[in-house]
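Student: how would this look folded up:
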Amino acid sequence: HCQQLGGGRRPGTLRPPVCSIRPFKSSEQYLEAMTEDLAEWLRDLYGLDINVANFLQVLETGLVLCRHANAVTEAALAFLAEAPARAQRIPLPRTGVSCNEAAQPGTFQARDNISNFIQWCRKEMGIQEVVMFETEDLVLRKNVKNVVLCLLELGRRAWRFGVAAPTLVRLEQEIDEELRQELALPLSLPTGSEPREPLHMPSSVLHGQSV
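Tutor: Here you go, the predicted structure:
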């Protein structure tokens, strides 16, 4: 379903695979596409057996979320050591999260793991409330949309200091870069403070309508 874009790139840099942009007839279809992208991303990062069908089951103990938070923090600290001047312009997490490795689905320990991840997203990554989720949103499947949106936003922010990003995030950056070149726009500073909707996302996915 994906193809490599060619041309216009500095030697030695990878072009993200670009999937054909299909029109989505509903926010449900768009949510499924985002979930599929995130599942592939987490599978590639951590060797997980994860797909759209079992996406929430894999995440519901909080173990994968905490593992990812700690991996992102480790990457951020490495980036800070390697490029301190650049790191000053990017909000970086400085601490990771504690995790109960024995947590089972639906238990207090699982909720505690998820809660630790959520607090880390807010405090260490500065993710805005419009795309945050609550513990029960994942445990009881109350708000799958925001679980997905939060992970995409985390992918955007962590990519700035070297963590592999979901394909949708890389597509956004690719298109942003091409638009800046065409319009001769200056590079935007990576402050990380501005809310950002995924490119081509129907407004119903982010605002108002539940899916």
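
Student: Could you report the neighbour count for Trp108?
Tutor: Not Trp; residue 108 is Phe. 10 (other C-beta atoms under 10 Å). Using the backbone N, CA and C atoms, a C-beta is placed for each residue, glycine as well.

Student: Same question for Leu171.
Tutor: The criterion is other C-beta under 10 Å. On that basis, Leu171 has 21 neighbouring residues.

Student: Glu124 now?
Tutor: For Glu124, the count of nearby residues is 19 (other C-beta under 10 Å).

Student: unless I'm mixing things up, it is touching Pro93, no?
Tutor: Yes - Glu124 lies in contact with Pro93 (C-beta atoms under 8 Å); the separation is 3.5 Å.

Student: who touches both of those two?
Tutor: Overlap of the contact sets of Glu124 and Pro93 (by C-beta atoms under 8 Å, 6 or more residues apart in numbering) consists of 69, 73.

Student: Could you pull out the helices in the protein for me?
Tutor: Using DSSP state H, the helices found in the chain span residues 27-46, 55-59, 63-82, 84-87, 108-123, 135-139, 144-159, 167-183, 203-206.

Student: low-confidence ranges in this protein?
Tutor: Confidence mapping of the chain against pLDDT under 70 gives the ranges 1-25, 185-211.

Student: Need the outlier residue of it, farthest from its centre.
Tutor: For the chain, the largest distance from the centre (C-alpha atoms, centre = their mean) belongs to Ala184, which lies 28.1 Å off.

Student: which residues does that one contact?
Tutor: Residues in contact with Ala184, defined by C-beta under 8 Å, 6+ apart, are absent; none qualify.

Student: related to what we said a few turns ago, any idea which of the helices of the chain is most buried?
Tutor: Ranked by average neighbour count under the criterion mean count of other C-beta atoms under 10 Å, the helices of the chain are headed by helix 144-159 at a mean of 23.

Student: tell me what that helix is packed against?
Tutor: Counting by 3 or more C-beta pairs under 8 Å, 6 or more residues apart in numbering; DSSP states H and E, the packing neighbours recorded for helix 144-159 are helix 27-46, helix 55-59, helix 63-82, helix 135-139, helix 167-183, helix 203-206.

Student: Identify the residues contacting stretch 63-77?
Tutor: For stretch 63-77, the external contacting residues (C-beta under 8 Å, 6+ apart) are 42, 45-46, 48, 58-59, 87, 92-99, 101, 103, 113-114, 116-117, 120-121, 124-125, 154, 158, 161-163.

Student: do stretch 122-138 as well
Tutor: Outside of stretch 122-138, the residues within contact range by C-beta under 8 Å, 6+ apart are 56, 59-60, 69, 72-73, 91, 93-95, 111, 114-115, 118, 121, 142-144, 146-147, 149-150, 152-154, 157-158, 192-193, 195, 206.

Student: cool, and stretch 108-120?
Tutor: 60-63, 65-66, 69, 93, 95-100, 102-104, 132-135, 138-139.

Student: rerun at 10 Å
Tutor: By C-beta atoms under 10 Å, 6 or more residues apart in numbering, the residues outside stretch 108-120 that reach it are 59-70, 72-73, 93, 95-104, 107, 127, 132-139, 147, 150, 154.

Student: Export that stretch to CSV, keeping only CA atoms.
Tutor: Extracted in CSV, the C-alpha atoms of stretch 108-120 (Å, rounded to 0.1, in the frame of the first residue of the first chain):
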residue,chain,number,x,y,z
PHE,A,108,-5.6,-1.4,40.1
GLN,A,109,-2.0,-2.0,39.0
ALA,A,110,-2.9,-1.6,35.3
ARG,A,111,-4.8,1.6,36.1
ASP,A,112,-1.8,2.9,38.0
ASN,A,113,0.6,2.2,35.1
ILE,A,114,-1.7,4.0,32.7
SER,A,115,-2.1,6.9,35.1
ASN,A,116,1.6,7.2,35.4
PHE,A,117,1.9,7.4,31.7
ILE,A,118,-0.8,10.0,31.4
GLN,A,119,0.8,12.2,34.1
TRP,A,120,4.2,11.8,32.3
